[in-house]
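>>> Sequence and predicted structure are below.
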Amino acid sequence: MAEKIQKPRGTRDFYPEDMAWRRHLEARWRAVAVRNGFEEVDGPIYETLDLYKRKSGEGIVSELFSFRRTGGEVDYAVRAEFTPTLARMVAERANTMPKPVKWFAMPNLCRAEAPQRGRLREHWQWNVDVIGSDSPVADAEVIFTAVDLLREMGLTSQQVKVKVSHRDVVRRILLRMGVAEDKMIDAFTLLDRRDKITPDDFARQAAALGLDAATVERFNQVARTRLRSSDDWSRIVDDFGIPESDVTQLRLLHDQFHAFGIAEWCEYDLGIVRGLAYYTGTVFEIHETSGAERAIAGGGRYDNLIESFGGPATPAVGFGMGDVVLSLVLEDRGLKPTDVAPPADVFVLAATADAQPLVGPITAELRAAGLHTRFSYKTTTNVGKLLKDATNCRARFAVILDDKAASGTVGVKDLASGEQVEVARDALVEHLRDAI
RNA sequence: GUGGCUGUAGCUCAGUUGGUUAGAGCAUCGCGUUGUGGUCGCGAGGGUCGGGGGUUCGAAUCCCCUCAGCCACCCCA
């Protein structure tokens, strides 16, 4: 007997029920993106390794599945994120497209990290980007699109929150506290890790940024500043003693959230900075409020990235939402449907042995008419068992063939209501089309 | 990549201090009954006990290695 080979670590097989769910989710992603005015794009599942090095430096390489073709001289890597591909595509056509460009994609992405709950080595990610506008309207529109999807899936503003910050606003606050410009990246990293290290370590590392004891405490205050969107955002101005002009960008964002009607889904959290170095302005993460799962989505503004890929200076903002965490959250909340496979329209069955030869021809006729039609391979004429099979494939109607079929009529049973009528076989297709 | 926990049928789990041929419920499939989604009866398939090696007369059980999952770290697309 041949040795069994396991699937690669951290990957998934999609059996029919899993595949049905994936297709269902993808259909929702696509429908929401389209109604928000985005167009679908995709790129290759691998790129040259240089593309990823250019954006993230050598550090990213250890997380990539990279390879070289046998006998080849070029290093490639399976895509671990879509943004570099997007930037490359935009750079190539930047001058020929009306701005802003609004694109979405649903790529599968791979990364070579230790898998655990909510983090696998391959996942599908919904990417939504507005390219070519520096307006806060664009920031708000992509966040609106994310919220639109969450709402579509049945989640509420009580269950999930968009945590929003703005790197430039945080930078200004930290500058006034005395953090040197060349320590800003370190300061962001520390903000990002605020909840993962002890208060002592936090204070020690904050001090290492050149802050005195009193300022370290205020730095900590920044890290933990959270405002409900309904609160007065200008509290930040008072708390940190900074001029109102320093928070202008956050305030403009705040106005747009109200304009888009998503203010109740949003809250401000200055500790959110996102790990990626290329974010320049707005940054946000979407979390469920129970804290049980990882971030559902993350994104922000990356105004310098397109240019770094050889395109013209082009502002952009977008986010990625993975299928893994979203599915877990929906499951946690009892919002993940289990019956999303395509239901049958009709189930054809024979109640008598004499009628069995008619199952094939009638099935073929219905299928040719475009109806999703099923029948049983079982030889039984036990109507009860066959109706159970019909129910299992969620058929809307059962066509029941018995002795009357010889005289030209068949039974059509509505499986939801239980009502059954006799229909002339000649009129069967028309009858079912009208009913469905 | 590092450390900890876990691994028996598709699912949920039994399995005595190491002792015959590893069990149950549910699910699946088949047969029968009542002929319209139900009920009941009978039966079957399905496990090299995650994999490999070792100790032993004998291993699901003890030891080592390995793989996978989960948790934490790292990282966060």
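Sure thing, it's come through. All figures in this text were calculated on a predicted structure; none of them were measured in a lab.
>>> so what's residue A:400 closest to, chain neighbours aside?
residue A:411 (3.7 Å; C-beta to C-beta, 6 or more residues apart in numbering). C-betas here are computed from N, CA, C, even on glycine.
>>> Residue A:306 now?
residue A:314 (3.9 Å).
>>> Residue A:133 too?
Counting by C-beta to C-beta, 6+ apart, the residue nearest residue A:133 is residue A:100, at 4.0 Å.
>>> And that neighbour, its phi and psi?
phi -80, psi 150 (degrees, to the nearest 10).
>>> neighbours of it, just the number please.
20 (other C-beta atoms under 10 Å).
>>> do the same with residue A:287
21.
>>> Confirm that residue A:32 sits in a helix.
Yes - Residue A:32 forms part of a helix when assessed by DSSP: H, G, I helix; E, B strand; the rest coil.
>>> How about the contacts made by the residue nearest to it when sequence neighbours are not counted?
Nearest residue to residue A:32, sequence neighbours excluded (C-beta to C-beta, 6+ apart): residue A:149, at 4.5 Å. By C-beta atoms under 8 Å, 6 or more residues apart in numbering, residue A:149 lies in contact with A:28, A:29, A:32, A:126, A:321.
>>> just the buried members of those residues?
A:29, A:32, A:126, A:321 (16 or more other C-beta atoms under 10 Å).
>>> sec struct for the third one, please.
Secondary structure, three-state DSSP: residue A:126 is strand.
>>> re earlier: closest one to residue A:169 out of the contacts of residue A:149, please.
In terms of C-beta to C-beta, no member of the contacts of residue A:149 lies closer to residue A:169 than residue A:321, at 24.3 Å.
>>> and the end-to-end length of stretch A:28-44?
Stretch A:28-44 has an end-to-end distance of 23 Å (C-alpha to C-alpha, to the nearest Å).
>>> And RNA strand B, is that stretch touching that?
No - judged by C-beta under 7 Å from any atom of the strand, stretch A:28-44 stays clear of RNA strand B, getting no closer than 12.9 Å.
>>> Who are the contact partners of the residue of the stretch 51-200 of chain A found nearest RNA strand B?
Sorted by distance to RNA strand B under C-beta to the nearest atom of the strand, the residues of the stretch 51-200 of chain A start with residue A:81, at 1.9 Å. Counting by C-beta under 8 Å, 6+ apart, residue A:81 touches A:109, A:320.
>>> Please report phi then psi for it.
According to degrees, to the nearest 10, residue A:81 has phi -160, psi 160.
>>> likewise the one 4 residues further on?
The main-chain torsion angles of residue A:85 are listed as degrees, to the nearest 10 and equal phi -60, psi -40.
>>> Read off the pLDDT value for the residue nearest to it when sequence neighbours are not counted.
In space, residue A:85 comes closest to residue A:43 once its chain neighbours are excluded; the distance is 3.9 Å by C-beta to C-beta, 6+ apart. On pLDDT, residue A:43 comes in at 95.
>>> Check whether residue A:43 really touches residue A:82, as I assumed.
Yes - using C-beta atoms under 8 Å, residue A:43 is in contact with residue A:82, at 7.4 Å.
>>> The two: which has the busier surroundings?
Neighbours per residue, other C-beta under 10 Å: of residue A:43 and residue A:82, the larger number sits with residue A:82, 25 against 15.
>>> ok, now which ones touch the more buried one?
So residue A:82 contacts A:43, A:105, A:107, A:109, A:125, A:127, A:320 (C-beta under 8 Å, 6+ apart).
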